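In: Structure, please.
(2 chains)
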Protein chains: 2
Amino acid sequence: MNKIEIALLGLGNVGTGVWEIFKNNKDEVTRRSGYEIEITKILVNDVDKDRGVNIPAGVLTTDIEEILNNDNIKIVVELLGGMHPAKDYMLRAIENSKHVVTANKQVMALEGKELLDKARKNGVLLYYEGSVAGGIPILKGIEESLTANKIEEIVGIINGTTNYILTKMSLENMDFKDALKEAQDKGYAEADPTSDVESYDAMYKLAILTSLSFGLDVDVENIYREGITKVSSLDIEYAKEFGYCIKLLAIAKEKNGTLELRVHPTMIPIAHPLANVNDSFNAILIKGNAVGDLMFYGRGAGSLPTGSAVVSDIISILRNDMTLRSISTVENKENSKQILKRDSYKSQYYLRISVKDMSGVLGEISTIWGKNKVSISSITQKGEKEGIVTLVIVTHDAIEGDIIKALDELEKLDSVYSLDNLIRVEKFE
Amino acid sequence: MNKIEIALLGLGNVGTGVWEIFKNNKDEVTRRSGYEIEITKILVNDVDKDRGVNIPAGVLTTDIEEILNNDNIKIVVELLGGMHPAKDYMLRAIENSKHVVTANKQVMALEGKELLDKARKNGVLLYYEGSVAGGIPILKGIEESLTANKIEEIVGIINGTTNYILTKMSLENMDFKDALKEAQDKGYAEADPTSDVESYDAMYKLAILTSLSFGLDVDVENIYREGITKVSSLDIEYAKEFGYCIKLLAIAKEKNGTLELRVHPTMIPIAHPLANVNDSFNAILIKGNAVGDLMFYGRGAGSLPTGSAVVSDIISILRNDMTLRSISTVENKENSKQILKRDSYKSQYYLRISVKDMSGVLGEISTIWGKNKVSISSITQKGEKEGIVTLVIVTHDAIEGDIIKALDELEKLDSVYSLDNLIRVEKFE
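Out: Numbers count the residues shown, from 1 in each chain, chains lettered A, B, ... in the order given. Modelled structure (predicted):
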């Protein structure tokens, strides 16, 4: 197995997520990339700070030159955030023929064109999936899977902090200040929340989405931007009366060759899929002239979700780097797994059953469940007709093999008229 | 611009969609693939049948040899469906060094391993995004964007026909037979609906999803399969009483190296995102150990949505075929577009405004709206406090420039105490 060295710039929230993923999912990453990937250098401000991860000696450095001038490092992963020095480091990495992965929305929104042009000229790849909507693979989705379409519209909830705040205001009747405070306490919002609550963050992300979807370079000055600070509990209450809720939407629409770009609080019908995107989740609705409406939903921020996008980008680079290998030689199979037998499924079960309306029936039935280790959550009687009563039984979690045995025994009871239906219950816990 | 010739096998529902997309989105497809793509041959049973599309003379053929033995044709797009002769044609195309795109779930579920191995050995690409969930880019999502993850769980609504039937049963209290009949009348279900209602279709798709996500070859015999024919209106009614609805779910879960694979009607909480996937829409929920919960939602079937997946696969092949070109030379930009000025946005608007409680106020306000060409949908008075009344005004569709002018004038009225908030209303029509 070939080895490859990479470097991280920054070891904050996303950086530690990337480190954890390489540690925990080493087998998957190796199998799918075709390489043993090793993080040999990480740029930090302070080598001695405790970050809760165990990094081998010699990996942390405060000297960017140890990374940019190291020919063994093939991929530089920029996770510093902000414009400076992130952009300069990315440019220099590209000039030194290193591939670059970044999660930096600001740099990509404001200087993406220059960086991508430079990467193309230097024959390296620059991937930035993590810069928009965290773990949701929306950029690759647009760039590789919707290429058959004219994109007509993008409407997204792409800032988790403000969605958390609006959710709290809407579902728990909090006012803006309390909801912001709670978001800060939970680490969703920063001490200075301006970038989120005044929609700069969403504006940068919309610029990136628009560039990819509509094939042009967007000047963020052309995006109308409004924050959520003016949304009051009153507005949320009145919106509900009309059947609406309030979400911070980023919107890009094309009509007749003209683009409309805006980010602002918006009332949307409560039955719309975007209305049910709550807490810090993100969702992006795309309308293509062939595919129709498509929605991507997931965690738009966080250490591991954004790390997932960054590490997947690294794997894509290793697969796509033509100087290294051909994509079709990557064998994406692992050893075979056990397949669980139906007998071993575990679930709650709903059973509809018709029994004769006679004394002692419930006792007989209960005995059989108990004997087969199935515990009952509820039994409801659903009316009687010509001496036959319908019972609706919902079990607690049980093993399907036990259920099957119990059903066999139930069927043989004189008091049981018919087993009408068995449906599994999924709680998504 | 280089030209490339491709051939379609079959010109049914999906085939005509592919033809339409190449016609309507020619510029996008050319720009994104780097090629002028021409469909020069289409295999059909009957050259003279009217299919509602205008195909040039000489393109339609009943002779597969005209395609398989034509060296100018670089990509064969298999849209025949079923096992035979689809699989043989695909194998022969691969042997003749042609790339293959297919939307055939049955062949890929049952014989995918053999075909993919053969493609790898022959140095060609075999893509099959259209085989699962129509236009939803779920296969590329898993294979290229979630590579950093151990996939732990996939739960999907991946058969549009049964979801349509269950939706009708649930929301319109239809019984199974009537709902099936309506699905057939609308073209969602076939005359013989067995493949859909007995869950064979979903089983094939789950096999493909599982192979990609968990890195193994799935024998469909290992998937527990149950259809929806036994679901009765009674079960749906009782499920509602518990706060649940019934969906046909395809489920793959891994725990401790053991996989659980099943397709059956399932009760799920009505507040869960999958519960709100209605009609013929599909949705797939994936849980990765880094990315967390991710959901893809869209049209799981149909001429243009599935065509979108097929044509995007063709473009991916042209970008990825290393014998042809390097991916990084494809310049995915088009000419610049007009950006709409804020003045020209069109929307409904919600305005919260405080006015003095005096006679003639409503008249003054109405006059200003009318003068500025803004038509009002509703005005509601929201209580009075110390002589100040809150009014909630919702407009019909209006131009934002007119709204701004009206607000300027309103602000100057003696009777207006304050303009409290303006929020745009999005109806997603």
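
In: for the worst-scoring helix or strand of chain A on mean pLDDT, packing partners?
Out: Taking mean pLDDT, DSSP states H and E as the measure, strand A:338-339 is the helix or strand of chain A with the lowest mean score, a mean of 73. Contacts of strand A:338-339 with other secondary structure elements, assessed using 3 or more C-beta pairs under 8 Å, 6 or more residues apart in numbering or on different chains; DSSP states H and E, are made with strand B:258-269. C-beta here means a position set from N, CA and C on the backbone, and glycine is covered the same way.

In: Within the sheet, what are the partner strands of the strand it packs on, with directions?
Out: Next to strand B:258-269 in the sheet, as set by DSSP bridges, lie strand A:338-339 (parallel), strand A:416-425 (parallel), strand B:224-225 (parallel), strand B:244-255 (antiparallel).

In: Turn the ones you listed into a markdown table, columns for mean neighbour count and distance to B:M174.
Out: As requested, those are arranged in a markdown table below (neighbours: other C-beta atoms under 10 Å in any protein chain shown; distance: least, C-beta to C-beta, whole Å):
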| stretch | mean neighbour count | distance to B:M174 |
| --- | --- | --- |
| strand A:338-339 | 15 | 36 |
| strand A:416-425 | 18 | 17 |
| strand B:224-225 | 18 | 24 |
| strand B:244-255 | 23 | 13 |
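
In: how about those, which one is nearest A:N24?
Out: Between A:N24 and those, the tightest spacing by C-beta to C-beta is seen for strand B:244-255, at 14.9 Å.

In: could you list every residue that touches the closest residue to A:V18 other than its chain neighbours?
Out: In space, A:V18 comes closest to A:G307 once its chain neighbours are excluded; the distance is 4.6 Å by C-beta to C-beta, 6 or more residues apart in numbering or on different chains. When contacts are counted by C-beta atoms under 8 Å, 6 or more residues apart in numbering or on different chains, A:G307 touches A:14, A:17-18, A:20-21, A:130, B:148, B:290.

In: Do me a favour and average the pLDDT over the host helix or strand of A:G307.
Out: Assigned by DSSP states H and E, A:G307 falls within helix A:303-320. Averaged across helix A:303-320, the pLDDT comes to 95.

In: got it, and stretch A:132-143?
Out: Computed over stretch A:132-143, the mean pLDDT rounds to 95.

In: do the helix or strand where A:T380 lies and chain B meet?
Out: Counting by DSSP H and E, the secondary-structure element that holds A:T380 is strand A:376-385. Yes: judged by C-beta under 8 Å from any C-beta of the partner chain, strand A:376-385 comes into contact with chain B at A:380, A:382.

In: From the chain's centroid, how far away is stretch A:166-183?
Out: Stretch A:166-183 has its C-alpha centroid displaced from the chain centroid by 23 Å (C-alpha atoms, centre = their mean, to the nearest Å).

In: mind listing what's buried in it?
Out: For stretch A:166-183, the neighbour count (16 or more other C-beta atoms under 10 Å in any protein chain shown) marks A:166-170, A:174, A:176, A:179-180, A:182-183 as buried.

In: returning to that earlier point: report the angle between the helix holding A:G307 and helix B:303-320.
Out: Put simply, helix A:303-320 runs at 60 degrees to helix B:303-320, going by axes from the mean of the first three to the mean of the last three C-alpha atoms, to 10 degrees.

In: Would you mind listing the buried residues in helix A:303-320?
Out: Of the residues in helix A:303-320, those scored as buried under the neighbour-count criterion (16+ other C-beta under 10 Å) are A:303-320.

In: same question, stretch A:85-92
Out: Judged by neighbour count using 16+ other C-beta under 10 Å, the buried positions of stretch A:85-92 are A:86-87, A:89-92.

In: and the residues you listed as JSON lines, adding distance to chain B?
Out: As requested, these are arranged in JSON lines below (distance: C-beta to the nearest C-beta, whole Å):
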{"residue": "A:A86", "distance to chain B": "22"}
{"residue": "A:K87", "distance to chain B": "20"}
{"residue": "A:Y89", "distance to chain B": "21"}
{"residue": "A:M90", "distance to chain B": "16"}
{"residue": "A:L91", "distance to chain B": "17"}
{"residue": "A:R92", "distance to chain B": "19"}
